[in-house]
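Enquirer: below: sequence and its predicted model.
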Amino acid sequence: MSDRPIIVWYRNELRLQDHPALSAAVRTAAPVFPVYILDDEVAGRWKLGAASRWWLAKSLEALSRDIAHRGGRLILRRGDTLTELRRLAEQTGARAIHFTRGYEPWSAALEDRAKREFDRLGVGFRRYGGRLLREPEELCTGSGTPYQVFTPFWRAFRRDYTVPQPLPAPKRLTAPPPGLKSDALADWDLLPVRPDWSQGLATTWRPGEDGAHTRLKDFVSGALSGYANDRDRLDRSGTSRLSPHLTFGEISPAACWRAAVDALGEVRRSDQSVETFLKEIVWREFSHSLLFYFPRMPEQPLREEFEAFRWTNAMDHLKAWQKGKTGYPIVDAGMRELWATGYMHNRARMITASFLTKDLLLPWTVGEAWFWDTLVDADLANNAANWQWVAGCGADAAPFFRIFNPVLQGEKFDPDGDYIRRWIPELARVPAKDIHAPWSANAATLKQAGIELGESYPAPIVDHKAARKRALERYEDLRFGR
DNA sequence: TGAAATGTTGGGGCG
DNA sequence: ACGCCCCAACATTTC
């Protein structure tokens, strides 16, 4: 009996440390067989984007290596999740399947269906946390409804939260019998070929649990102390850049929380900076809670009146935005950073998203889809919640009339234009004074910088002042039902 | 986790 | 010296 193995079904927690489902399995002293199932159908239209597939390949490679170092083997399967789990349980004679709970719209139904199935088969099917610090059911308003405003959520969260002790990674794992089939990662075609656009991603990131912890250490000993101020600066490395590691669960949010709080004690870092960082972690919790309670959030505005909003459908504008050719340098720099590295600075995300939804009046779902495909940290909850926040249709959203001025945002958060120069080399020789609005520079300056507007760098595809006016009018239409 | 329009104030130039 | 105007600089309101 005791040698009947436990299957640990990996989903988005590609780590060995701080992994409740894995730890519980290891504690039983039964052989533990970790398995990852690539199910291209389960998520419907939200199947993994191209950048995520790249990251997944690299992350699974790392996890597989880490497991092998401990004497185990990561089993890879592709196909319908439930079918594959059933097959694995049969093939291994498993007594139980352990897994980490998900919050996507399809997760609860899948988990319930599987639970009934394995109950019938006499196989334990045990659900664990680990992706969030706290479960959505834990935090509700006094009247029992989910929070829809961040600040009260944050207060309630912070009031009585203490981070638990980390769960150590298992020292040894048991290899499953050699006959237990596993796909070859390479056969999954997760990596891009013809063309291989992943060079920039590979030089920017180190996917995997080691890479994640290295990143956290660097952040805590470096940028964390100035986080409150510098995280908004496009020209500084002021953010943690932990997001893709969190998305794929290479590091637990608890580990990030713990490291930040410990740093506070050790080095007397600015309380404000640590608090701001913790708040960002809780934004992630808030987004997941929203997705859990409002499963249509990725498709539907949380504020219903926005369903009547008259978005436009200008494909040429969309293409220009995607390629980073809008003629607004700060917008284009952000979009090109995304294309090159699978990542965009958070401030740039707000600016580019505001530009798409307000200046171009393209639907937020179009931007959401592009980010989903191109971001290595694409996360259904965060992506949907943040797009709705910018578009003004979210639960606790920025008001619609908060329209970013791309020139002012650039001057404020990239004062010398370094971020722009980094991602738009053709503007490298434009002086800082003109770099955020090259169209208003005088002809001699542009000539000297080697720029011909409309040739070497696009002229603005819309006039911001007019676009702002148009957006506000469209918003008025919504309010008065026109 | 805005920006623009509008209102108010106060210093300085100037007749 | 005085009132008037101009216009930063800052505050408030509006979108």
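Expert: Thanks, I have it.

Enquirer: packing partners of the helix or strand encompassing A:Arg284?
Expert: Per DSSP states H and E, A:Arg284 falls inside helix A:271-293. Based on contacts counted as 3 or more C-beta pairs under 8 Å, 6 or more residues apart in numbering; DSSP states H and E, the elements that helix A:271-293 packs against are helix A:150-159, helix A:227-230, helix A:253-267, helix A:380-391. Just so you know, the C-beta spots here come from the backbone N, C-alpha and C atoms, and that holds for glycine as well.

Enquirer: which outside residues touch the second one?
Expert: Residues lying outside helix A:227-230 but in contact with it, judged by C-beta atoms under 8 Å, 6 or more residues apart in numbering, are A:223, A:236, A:238-240, A:270, A:272-277.

Enquirer: so which of those is the most crowded?
Expert: If you count neighbours using other C-beta atoms under 10 Å, the busiest of the contacts of helix A:227-230 is A:Phe277, which has 28 neighbours.

Enquirer: which non-adjacent residue is nearest the single nearest residue of the stretch 151-300 of chain A relative to DNA strand C?
Expert: Proximity to DNA strand C, evaluated over the stretch 151-300 of chain A using C-beta to the nearest atom of the strand, is greatest for A:Thr151 at 18.5 Å. If the residues on either side of it in the chain are set aside, A:Thr151 comes closest to A:Asp396, at 8.0 Å by C-beta to C-beta, 6 or more residues apart in numbering.

Enquirer: these two touch, right, the one you found and A:Gln148?
Expert: Yes. Counting by C-beta atoms under 8 Å, A:Asp396 sits close enough to A:Gln148 to count as a contact (6.2 Å).

Enquirer: ok, now which ones touch A:Arg126?
Expert: A:21, A:24, A:96-99.

Enquirer: what's the farthest-apart pair in those?
Expert: By the measure C-beta to C-beta, A:Ala24 and A:Ile97 form the most distant pair in these, at 11.7 Å.

Enquirer: when the two are compared, which one has more neighbours?
Expert: Comparing A:Ala24 with A:Ile97 by neighbour count (other C-beta under 10 Å), the higher total belongs to A:Ile97, at 26 against 17.

Enquirer: just confirm the more buried one is within a strand.
Expert: Yes. Inclusion of A:Ile97 in a strand is indicated when DSSP: H, G, I helix; E, B strand; the rest coil is applied.

Enquirer: hey, what's it bridged with?
Expert: The residues paired with A:Ile97 through beta bridges, assigned by DSSP bridges, are A:Ile7, A:Phe125.

Enquirer: just checking, it touches A:Arg127?
Expert: No. The criterion here is C-beta under 8 Å, and A:Ile97 misses it with A:Arg127 at 9.7 Å.

Enquirer: what domains does the record give for chain A?
Expert: Following automatic domain parsing, chain A resolves into domains at A:6-131, A:133-165+A:209-293, A:304-479.

Enquirer: for DNA strand B, which of these is the nearest?
Expert: With respect to DNA strand B, and counting by C-beta to the nearest atom of the strand, the nearest of those is domain A:304-479 at 3.9 Å.

Enquirer: the closest one - what's its average pLDDT?
Expert: Mean pLDDT, taken over the full extent of domain A:304-479, equals 96.

Enquirer: so which residues on chain A come close to DNA strand C?
Expert: Applying the criterion C-beta under 7 Å from any atom of the strand, the portion of chain A that neighbours DNA strand C consists of A:399, A:401, A:472, A:476.

Enquirer: do a quick rundown of the strands in chain A.
Expert: Using DSSP state E, the strands of chain A run over residues A:6-10, A:32-38, A:75-78, A:96-100, A:124-128.

Enquirer: so what's A:Arg77 up against?
Expert: A:Arg77 sits in contact with A:35-38, A:84, A:87-88, A:181-183, where contact means C-beta under 8 Å, 6+ apart.

Enquirer: so how do I select the buried members of these in ChimeraX?
Expert: Burial among the contacts of A:Arg77 is assessed by 16 or more other C-beta atoms under 10 Å; the matching ChimeraX selection reads:
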select /A:35,36,37,38,84,88
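
Enquirer: which bits of the stretch 351-482 of chain A sit near DNA strand B?
Expert: A:398-399, A:401-405, A:408-409, A:412, A:464-465, A:468.

Enquirer: and which of those residues is nearest to DNA strand C?
Expert: Within these, the smallest distance to DNA strand C is 4.0 Å, found for A:Phe401 (C-beta to the nearest atom of the strand).

Enquirer: tally of neighbours for the closest one?
Expert: Using other C-beta under 10 Å, the number of residues around A:Phe401 comes to 12.

Enquirer: how about A:Trp283?
Expert: Neighbouring residues of A:Trp283 were enumerated by other C-beta under 10 Å; the total is 17.

Enquirer: in this structure it contacts A:Phe150, no?
Expert: Yes. Using C-beta under 8 Å, A:Trp283 makes contact with A:Phe150 at a distance of 6.9 Å.

Enquirer: quick one: the residue of the stretch 201-350 of chain A found nearest DNA strand C and A:Cys393, what's the gap?
Expert: Using C-beta to the nearest atom of the strand, the single residue of the stretch 201-350 of chain A nearest to DNA strand C is A:Phe309, 15.0 Å away. According to C-beta to C-beta, to the nearest Å, A:Phe309 and A:Cys393 sit 7 Å apart.

Enquirer: quickly list what's touching both of the two.
Expert: Common neighbours of A:Phe309 and A:Cys393, counting by C-beta under 8 Å, 6+ apart, are A:Pro301.

Enquirer: now, among the contacts of A:Arg77, which is nearest to DNA strand C?
Expert: Proximity of the contacts of A:Arg77 to DNA strand C, judged by C-beta to the nearest atom of the strand, is greatest for A:Leu38, which lies at 46.8 Å.
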